[in-house]
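In: sequence first, predicted model second:
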Amino acid sequence: MNIAVKVDAESDAAEALATPLAEINPAKVERFQADTIWPYFERLRAEDPVHFTAESEFGPYWSITRWDDIMTVDTNHEAFSSADGIGLPNRKAMEEQEKIFAAMGRPRRKGGAGFITMDEPEHSVHRKAVSPTVAPANIAKMSPLVRQRAGEILDSLPIGKEFDWVDLVSKELTAMTLATLFDFPFEDRRKLTHWSDMFTNMPGHGPVKSWQDKAESAFECFAAFGELWNQRVNAEPGIDLVSMLTHNPATRTMTPEEYQGTVVLLIIGGNDTTRNTISGSVYALNKNPDQYAKLRADPDRLILPMVSETIRYQTPLAHMSRVATRDIEVGGKTIKKGERVVMWYISGNRDEAVIEEPNTFDIERERPRHHMSFGFGIHRCVGNRVAEMQLGIIWEEILKRFPVIQLVGEPTRTYSSFVHGYESMTVIIPERA
């Protein structure tokens, strides 16, 4: 290990140990961007796995950091509701958004992010409406086009020159696939990337310049998808996500707010997991050259396990949250009705009690798909197979073309405790295969 990296890791661990337990705020965004979160979660798993943060920019909340306790919450949708949002709501952000929406003379969008913020029985009705688009048969039809477009992206990359992998590969592939899933105008596909980043970032981070900019961009997105709805509601049924919603009797009559929430969910869900795993795999393989050598030597056997190991190791969405519908005990602590509970998937994926040597990136694990990154229970990620399909294809095509992709310096990480990813990552491809 590089000496400087080792010293930094020791310093991070010392700070985590020195912080009074009651003062630990696991969602502190700056630590995610600096990648100094790990010792805090390690300490919580060991000393206080059901931890209460009394004061934070998100208000009070409980943190669930061990695998088994996360499973307890995630699989009990009766006691833990998603209706009040699945992320940690930043209070300042909500206040600022209310002001801007009011000043623009437009009511703030009500409801959450689609069916992921619905409880039963509404949740299953809306989820079933979009499920056929991401079913195995439709994925099989889509995969040749994804492969063709992945090849075009890779063939356009510069050789022997530094470039931003996130921009030219990770964002581009996910934008292409999302445009295919929505049957969105292909020439405007990067708008989908922009909107995803806009929804998940605060002003000063990602593409968001101000609260006004964020609101205007949101309205642009909703207007574009409103037009798609109007085009398809009376047209012949298609297999894209918008057509599925317009022609399903259960969702054809959804309110504009419900439709907008579903659009937000599908844009973010279809973008962040795949995009940040593509980047995360290049990063992890560069940091673990022995694993990169194994992958190159036996790609047919190891590409899919490597993809799953990266999804665990990276954990593209760090958490999901719920609100308790009644007083309930978890891990020996009583969580009261109305209190917010955060399931830290990023911590569960490093739980030493469940995963052997969890801090090691190992593409030959016996059970590579044994991770929590897609969630569990009724809200398990509906597009997980699409994500795995894209990731498998892009790595098959990468290994046909490039002997190695070299990381140049450290990446710029996302300023978020929800999306665990990369804003930019400079690489160089020395030569083609």
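Out: Structure received.
In: and the closest residue to Glu47 other than its chain neighbours, how many residues sit next to it?
Out: Leaving aside its chain neighbours, Glu47 sits nearest to Leu21 (6.3 Å; criterion: C-beta to C-beta, 6 or more residues apart in numbering). Where you see a C-beta, it was placed from the backbone N, CA and C, and this is true even at glycine. Using other C-beta atoms under 10 Å, Leu21 is surrounded by 11 other residues.
In: shaky segments in this structure?
Out: Per-residue confidence for the chain (pLDDT under 70) gives these ranges: 1-9, 90-134, 377-383.
In: for it, just list every one of the strands.
Out: When assigned using DSSP state E, the strands of the chain occupy the ranges 50-53, 61-64, 80-81, 162-164, 319-324, 328-330, 333-335, 340-344, 406-407, 412-413, 422-424, 426-428.
In: touching the first one from outside, list them.
Out: This points to strand 50-53. For strand 50-53, the surrounding residues in contact (C-beta atoms under 8 Å, 6 or more residues apart in numbering) are 21, 24-27, 44, 60-65, 69, 330-333, 335.
In: also the second one?
Out: Under the criterion C-beta under 8 Å, 6+ apart, residues 26-27, 44, 49-53, 70, 73, 88, 321, 330-331, 333, 335, 339-344 lie in contact with strand 61-64.
In: picking that back up, quick one: contacts for the residue nearest to Glu47?
Out: Applying C-beta under 8 Å, 6+ apart as the definition, the contact partners of Leu21 turn out to be Arg43, Glu47, Asp48, His51.
In: once you drop chain neighbours, what's closest to the first one?
Out: Leaving out its chain neighbours, the residue that sits closest to Arg43 by C-beta to C-beta, 6+ apart is Ala16, at 5.4 Å.
In: same deal with Arg326?
Out: Counting by C-beta to C-beta, 6+ apart, Arg326 lies nearest to Lys337, which is 5.0 Å off, once chain neighbours are set aside.
In: neighbours of the one you found, how many?
Out: Other residues near Lys337 come to 11 when the count uses other C-beta under 10 Å.
In: what does Glu172 give?
Out: By other C-beta under 10 Å, the residues close to Glu172 number 21.
In: which residues does Ala353 contact?
Out: Neighbouring residues of Ala353 by C-beta under 8 Å, 6+ apart: Arg66, Trp67, Asp68.
In: where's the first one relative to Asp12, distance?
Out: Meaning Arg66. 21 Å (C-beta to C-beta, to the nearest Å).
In: in terms of neighbours, single out the busier of the two.
Out: With other C-beta under 10 Å as the criterion, Arg66 and Asp12 differ in neighbour count, and Arg66 comes out ahead with 22 against 18.
In: determine the longest helix present in the protein.
Out: Taking residue count as the measure and DSSP state H as the definition, the longest helix of the chain comes out as helix 256-287.
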